[in-house]
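Participant: Have a look; sequence and predicted model below, questions after that.
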Amino acid sequence: MNQVILPPPPPAASSGYKVDPGRGERIGRVSSEWFSRPDDERYLSLSALYASVHGRTDRSRTRTVPSSEMRVEARREDSEVLTLHLPGSDRPLAPTHWSFGQLAGLVGAPAAYLRQLPAPLAAINLQYGLSSHRAEQIKTLEVDDGRIELRAVTGPDYGRIYDHELVSAVQRIAGDGIGDTRWKVPGVLDWTTNTYNPFVDITKETTTLYASDRDIFLFLVDDLNPIEAGTLPDGSPDLFFRGFYCWNSEVGAKTLGMASFYLRAVCANRNLWGVEDFQEITIRHSKYAATRFAHEAAPALENFANSSPLPFINGIKAARSTIVARTDEDRHDFLRKRGFAKAETAKIIETVLNEEGHAASSVFDFVQGITAVARAKPHQDARLDMEARAKKMLDAVC
């Protein structure tokens with residue numbers, strides 16, 4: 001199946017709605033995922049994604065074994081193949097590129113160097129490291145796909161949260177992720193008209209549901225139900241919709257995490273535009289990670305999915321109505337007292353005047369100007385610092 005066709009839209013929404021993507025933050029995390037994923041890591045529904053990662057778990061098992069009892073073998077006649085043998089099993093394990101790097105890291109060996117050696121020499125080095133491994137215990141994750149593949153090697157206290165557990169938590173609020181609930185794969189912004197069209201067929205090109213042998217990443221939005229929070233300079237409504245993305249790696253490649261936010265648009269290459277109220281939770285795969293997921297991350301996802309947008313709307317209204325500057329001197333003083341350099345201050349004030357059509361006076365005006373200037377910063381650290389100061393300014397009145 002190469003495409004999911006969305007149901008026909010209601011007549012009033014069939015042409016999408018006008019947005020102003022130039023406001024707020026731009027977030028490129030989803031775009032990075034979209035750009036890097038090959039076709040075999042792209043899924044058209046949550047059920048298809050769940051079936052893939054859950055099936056992998058069904059074929060997997062974990063073991064905790066003494067590192068000194070793990071044997072590394074390689075044959076002289078095959079300089080490319082290296083296998084591992086664990087106590088209590090006569091079937092060899094074939095390490096993946098990822099698990100080989102983890103194993104090398106655990107014993108303090110440089111993985112990149114070992115990969116360049118003939119397998120027999122790499123085996124000797126790894127075996128020596130294992131025999132003197134001070135932690136003594138190693139936890140493995142193995143999958144049987146005709147041969148037994150070693151997917152992950154971690155310390156004994158690694159708190160694994162399986163990828164299918166995160167997908168299942170998302171399914172509880174989003175169904176199949178294709179519009180059968182409020183939550184779905186996003187539509188696309190038309191830059192020529194600044195019209196956001198939520199009704200885009202889900203294909204390998206447009207999907208935002210991803211999984212590889214190392215991780216998963218999901219991004220869904222509630223773009224069929226836009227929220228009005230104030231007006232644009234031309235008097236038209238300033239429209240937002242809710243969105244969230246989440247990620248995990250059951251093999252230790254990254255943390256588990258979730259980000260929720262309001263945004264104005266998603267473009268074809270999956271950049272998020274006009275983002276406000278960005279919130280993020282991350283959970284390291286430590287000993288009690290599964291408990292934190294059950295009691296913190298999963299409930300936070302459900303709370304956001306079912307929450308009222310009124311606090312967000314009221315916060316935006318408060319920022320618009322809080323007047324902090326009436327003269328040029330007020331504007332410069334307001335920004336300089338908050339740590340902005342003289343050149344940055346002038347640029348922010350100029351940006352507000354050009355983009356909003358009036359001189360900055362409210363907290364909201366200044367926040368929009370700061371985030372607009374931040375987007376042009378060439379260095380990520382500088383951009384994130386400026387966006388954080390804008391968020392702090394907005395939080396102070398919300």
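Facilitator: Structure's in. What do you need?
Participant: low pLDDT regions in the stretch 101-250 of the chain?
Facilitator: Low-confidence segments of the stretch 101-250 of the chain (pLDDT under 70): 134-135.
Participant: so where do the helices sit in it?
Facilitator: If DSSP state H, counting those that start in this stretch is used as the criterion, the helices of the stretch 101-250 of the chain fall at 111-116, 119-131, 163-174.
Participant: out of the ones you listed, which comes closest to Ala268?
Facilitator: Nearest to Ala268, of all the helices of the stretch 101-250 of the chain, is helix 163-174, at 22.1 Å by Cβ to Cβ. Heads up, the C-betas are built off the backbone N, CA and C, glycines and all.
Participant: List the buried residues for that closest one?
Facilitator: Residues of helix 163-174 classed as buried: 163-167, 169-171, 173-174 (neighbour count, 16 or more other Cβ atoms under 10 Å).
Participant: what does it rub up against?
Facilitator: Contacts of helix 163-174 with the rest of the structure, by Cβ atoms under 8 Å, 6 or more residues apart in numbering, involve 46-47, 49-50, 53-54, 56-57, 177, 181-184, 211, 215-216, 218, 220, 246, 248-250, 256, 293, 297-298, 301-302, 305-306.
Participant: Which ChimeraX command selects the buried ones in the residues you listed?
Facilitator: Under the burial definition 16+ other Cβ under 10 Å, those of those that qualify are selected in ChimeraX by:
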select :46,49,50,53,56,177,181,182,183,184,211,215,216,218,220,246,248,249,250,256,293,297,298,301,305
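Participant: separation between Ala390 and Ala360?
Facilitator: For Ala390, the distance to Ala360 equals 13 Å [Cβ to Cβ, to the nearest Å].
Participant: Give the residues shared as contacts by these two.
Facilitator: Common contacts of Ala390 and Ala360 (Cβ under 8 Å, 6+ apart): Phe366.
Participant: dump the residue contacts of the nearest residue to Val200 once chain neighbours are set aside.
Facilitator: Spatial nearest neighbour of Val200, excluding adjacent residues (Cβ to Cβ, 6 or more residues apart in numbering): Gly187 at 4.5 Å. Listed by Cβ under 8 Å, 6+ apart, the contact partners of Gly187 are 16, 196-200, 223, 266.
Participant: Now do Gly187 against Pro21, distance only.
Facilitator: For Gly187, the distance to Pro21 - Cβ to Cβ - is 13 Å.
Participant: Likewise for Leu49?
Facilitator: To Pro21, Leu49 is 28 Å away according to Cβ to Cβ.
Participant: One more: Glu302?
Facilitator: For Glu302, the distance to Pro21 equals 29 Å [Cβ to Cβ].
Participant: do Asp58 as well
Facilitator: Distance, Asp58 to Pro21, by Cβ to Cβ: 43 Å.
Participant: Which residue of these two possesses the greater neighbour count?
Facilitator: Legend: neighbour count by other Cβ atoms under 10 Å for Asp58 and Pro21, higher for Pro21 (20 against 9).
Participant: Against Met258, how distant is that one?
Facilitator: From Pro21 across to Met258, the span is 24 Å (Cβ to Cβ).
Participant: Check Ser52 too.
Facilitator: 21 Å.
Participant: in stretch 263-283, what's buried?
Facilitator: Going by neighbour count (16+ other Cβ under 10 Å), the buried part of stretch 263-283 is 263-267, 270-278, 281, 283.
Participant: first to last residue in that stretch, what's the distance?
Facilitator: Counting by Cα to Cα, to the nearest Å, you get 24 Å between the two ends of stretch 263-283.
Participant: Next, count neighbours for Tyr245.
Facilitator: 21.
Participant: let me redo that: Ala119
Facilitator: By the measure other Cβ under 10 Å, the count of residues near Ala119 is 20.
Participant: which one is it nearest to, not counting chain neighbours?
Facilitator: Excluding the flanking residues, the one nearest Ala119 by Cβ to Cβ, 6+ apart is Ala74, at 3.6 Å.
Participant: Could you check how far the one you found is from Val81?
Facilitator: The separation that Ala74 has from Val81, given Cβ to Cβ, amounts to 7 Å.
Participant: Which of the two has more residues huddled nearby?
Facilitator: Ala74 (21 against 12).
Participant: quick one: contacts for the more buried one?
Facilitator: Ala74 touches 81-83, 118-120, 122-123, counting by Cβ under 8 Å, 6+ apart.
Participant: The residue nearest to Ala119 bridge partners, please.
Facilitator: Beta-bridge partners for Ala74, by DSSP bridges, are Leu82.
Participant: For the closest residue to Arg76 other than its chain neighbours, grab the count of nearby residues.
Facilitator: Excluding the flanking residues, the one nearest Arg76 by Cβ to Cβ, 6+ apart is Pro120, at 5.8 Å. By other Cβ under 10 Å, the residues close to Pro120 number 16.
Participant: State the mean pLDDT of stretch 325-332.
Facilitator: Averaging pLDDT along stretch 325-332 yields 90.
Participant: Sweet, I'm off.
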